[in-house]
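Asker: Quick one, structure for this:
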Amino acid sequence: MGVTAESRTPRFIIGSVDSGTRSGVVCTILGEQARHINNVLRLDIGTTIEILDVGSPGLPGAFRCTLVDVRKREAVAEIDSELEIPAALPINVMVGLAKPKACDEIVEKCVELGISSVSFFNADRSQGSIKPKQLKERLQRFERVSAAAMKQSGFQSPLPRVNYHPDLVGALRSTLTKDSSDKGHALKILLSTASCNCEQVADNTTISSRNLLKQLLFENSLKTAECYLIIGPEGGLSDSEENAARSHGFQAVSLGAKILRVETAAAAAAALAAAVLS
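Answerer: Modelled structure (predicted):
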């Protein structure tokens, strides 16, 4: 039984020798996705599908297509029209390397939020590191996570750039030319546990003695062209790393008094920045 018109349009990702390729107006779907079309979905020729090509030069392309041939290990579709992918928000999330599962979740949430780029760096307190021989494989994994999240969003989220730096200094160098533009300045934010110093007042309530992230974002919402967010690993950034970030123009703020996992902190900070700056 084929997918009815009322069902959600099936979506597929191509762009590699395993998943499939695009040539002109013809898209070829291979491997597990082709078997899924044939054996699980049982799509008929003439069915409308949507395809994301992550192998195209530059930005990925999304297309509405019609199936013209379905076989056991291959499905062919012709492009009917190109789908518009929304522009990424000018927000860059930079995170101290965490456990693989946490890093995957950070990438996934940043895709859902429409973030421009995600950078991981090996922090002093990171649990493990990415060895040079592992780098290509990890970046490819991040690309797969990004593409899957974009597919889940209905291709309504852009595909962010995902980078890795061997240390925070390398990540900071990538922000050096981003101080200002005709559209405004670069807002550089460091999420710091040291910025959540709290003090007791007369009626025994607690107030923050430093800026909160939401306060800094609201104060700069109309004059920010691009935003950078640094989030440390589970153990936080070291004093030397925080000082290095400040020397590159980053302002230390807090998400609040609660202790958060790195993936929670990254998602919360990115979501708040997206809500205020979009």
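
Asker: in stretch 137-146, what counts as buried?
Answerer: Neighbour-count burial for stretch 137-146, counted by 16 or more other Cβ atoms under 10 Å, picks out 138, 141, 142, 143, 144, 145, 146. Using the backbone N, CA and C atoms, a C-beta is placed for each residue, glycine as well.

Asker: quick one: what helix or strand has the last one in it?
Answerer: Here residue 146 is covered by helix 132-152, with elements defined by DSSP states H and E.

Asker: Remind me what that helix packs against, helices and strands.
Answerer: For helix 132-152, the packing partners by 3 or more Cβ pairs under 8 Å, 6 or more residues apart in numbering; DSSP states H and E come out as strand 11-14, strand 48-53, helix 100-113, strand 161-165.

Asker: Mind checking these for the one nearest to residue 238?
Answerer: Minimum separation from residue 238 across the helices and strands packed on helix 132-152 (Cβ to Cβ) falls at strand 161-165, 15.7 Å.

Asker: Direction included, what does that closest one pair against?
Answerer: In the sheet, strand 161-165 lines up against strand 115-121 (parallel) (DSSP bridges).

Asker: how far does the strand it pairs with sit from the chain's center?
Answerer: Mean-position distance between strand 115-121 and its chain equals 6 Å (Cα atoms, centre = their mean, to the nearest Å).

Asker: Buried residues in that strand, which are they?
Answerer: For strand 115-121, by 16+ other Cβ under 10 Å, it's 115, 116, 117, 118, 119, 120, 121.

Asker: I'd like these as a markdown table, with pLDDT appended.
Answerer: Listed next are the buried residues of strand 115-121 as a markdown table, based on pLDDT from 0 to 100:
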| residue | pLDDT |
| --- | --- |
| 115 | 96 |
| 116 | 95 |
| 117 | 96 |
| 118 | 98 |
| 119 | 97 |
| 120 | 97 |
| 121 | 97 |
